[in-house]
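A.B. asks: Structure of the sequence below:
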Amino acid sequence: MSETIYMSPQQEKFTKSSRSALSLYREYAVGDSSYAFLAWFELCSILGANLPGLAGFGLRGLLYPSLFAKCGKRPAIGRSVVVRNPRCIELGDRVLIDDFATLDVRGTKGQMKLGSHVSIGRYTAIVSKDAQIEFGSAVNIGSHCRIASQSSVSIGESTLVAAYAYIGAGNHQRGDEERPLITREMDIKGGVSIGKHAWIGAHATIMDGVTIGDGAIVGAHSFVKDDIPAGATALGCPARVL
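C.D. replies: Below you'll find the predicted structure:
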């Protein structure tokens, strides 16, 4: 008698489906876009994704704008950037996406909008799981960050997020003998809102449902589970306003 294997809803969808591998890959890579668009997406990736140096930046700047729902002037897209479901992603002018970053939109309702002059650091992942993610102009996200949501994340203009920050973390619901934790839906609390001109320190974690006001500062390694008012400085685990 085989032992029951418990998986998350996404694992179930992509590893136990009876659909063809091509159909599953299309959904994962380009959502519900056509197979013709998938072919163009693959060609752009093959030609440009890993090309180094100035030639790589130039070719990606030429090819990749056609993949996005909207793309402003002169995007700078680094090597080995992962883009999923680009038809649900909008870029403003002169957006900078460093090497090995990820822009990932999943589901039919997900959308991602990056304003002009936004900078996304190396190895950072921005993930929309049927969520609305929007960054104002000149938002600067450091390297190795993860910003993910199943509802929404908004970050106001000229806000700085330092390296290794984790924003939008949802809560798993406690499991039991009948339904282990991994199989349960996430506990969603309405998303994260960060105002303009704020500063999120390195290794900070901002939990789902938190609002951080304009000009606020969150200290490094802080765990934020409650709102922080505009102009305040907060730090600690859990973070408290000084």
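
A.B. asks: Please enumerate the helices of this structure.
C.D. replies: In the chain, the helices defined using DSSP state H lie at 9-15, 21-30, 35-48, 53-63.

A.B. asks: Lys113 is nearest to which of those?
C.D. replies: Nearest of the helices of the chain to Lys113, taken as Cβ to Cβ: helix 21-30 at 18.2 Å. Every residue, glycine included, has its C-beta placed from N, CA and C.

A.B. asks: now for the closest one, which elements pack on it?
C.D. replies: helix 35-48, strand 82-84 (3 or more Cβ pairs under 8 Å, 6 or more residues apart in numbering; DSSP states H and E).

A.B. asks: quick one: contacts of that helix?
C.D. replies: With contact meaning Cβ atoms under 8 Å, 6 or more residues apart in numbering, helix 21-30 is reached by 14, 17, 33, 35, 37-38, 41, 84-87.

A.B. asks: What number of residues are in the vicinity of Asn85?
C.D. replies: Neighbour count of Asn85, defined by other Cβ atoms under 10 Å: 26.

A.B. asks: actually Val153, not the one I typed
C.D. replies: 24.

A.B. asks: Could you do the one 10 residues further on as well?
C.D. replies: Other residues within reach of Ala163 by the criterion other Cβ under 10 Å amount to 17.

A.B. asks: Can you name the residues that contact it?
C.D. replies: Counting by Cβ under 8 Å, 6+ apart, Ala163 makes contact with 121, 142-145, 202-203.

A.B. asks: Next: Phe37.
C.D. replies: Shown in contact with Phe37 (Cβ under 8 Å, 6+ apart): 30, 87.

A.B. asks: So which of the helices of the chain is nearest Lys109?
C.D. replies: That would be helix 21-30 among the helices of the chain, by Cβ to Cβ, at 14.1 Å.

A.B. asks: related to what we said a few turns ago, so for Lys225, which of the helices of the chain sits nearest?
C.D. replies: Lys225 lies closest, by Cβ to Cβ, to one member of the helices of the chain: helix 9-15, at 25.0 Å.

A.B. asks: re earlier: by neighbour count, which of the contacts of Ala163 wins?
C.D. replies: Among those, Cys145 has the most neighbours (other Cβ under 10 Å), with 25 neighbours.

A.B. asks: how close does it get to Val127?
C.D. replies: According to Cβ to Cβ, to the nearest Å, Cys145 and Val127 sit 11 Å apart.

A.B. asks: and Glu177, which of the helices of the chain is closest to it?
C.D. replies: Closest approach to Glu177 among the helices of the chain is made by helix 9-15 (19.3 Å; Cβ to Cβ).

A.B. asks: starting at the chain centroid, how far to that closest one?
C.D. replies: Averaging C-alpha positions (Cα atoms, centre = their mean, to the nearest Å) puts helix 9-15 20 Å from its chain's average.

A.B. asks: buried stuff in that helix?
C.D. replies: Neighbour counts over helix 9-15 (16 or more other Cβ atoms under 10 Å) mark Phe14 as buried.

A.B. asks: returning to that earlier point: dump the helices of the chain to JSON lines, plus mean pLDDT.
C.D. replies: Output for these, formatted as JSON lines (pLDDT from 0 to 100):
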{"stretch": "helix 9-15", "mean pLDDT": "79"}
{"stretch": "helix 21-30", "mean pLDDT": "92"}
{"stretch": "helix 35-48", "mean pLDDT": "97"}
{"stretch": "helix 53-63", "mean pLDDT": "96"}
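
A.B. asks: Which one, of those, ends up nearest to Asn171?
C.D. replies: For Asn171, the closest of the helices of the chain is helix 9-15, at 15.7 Å, according to Cβ to Cβ.

A.B. asks: List the contacts of that closest one.
C.D. replies: For helix 9-15, the surrounding residues in contact (Cβ under 8 Å, 6+ apart) are 7, 24, 28, 183, 185.
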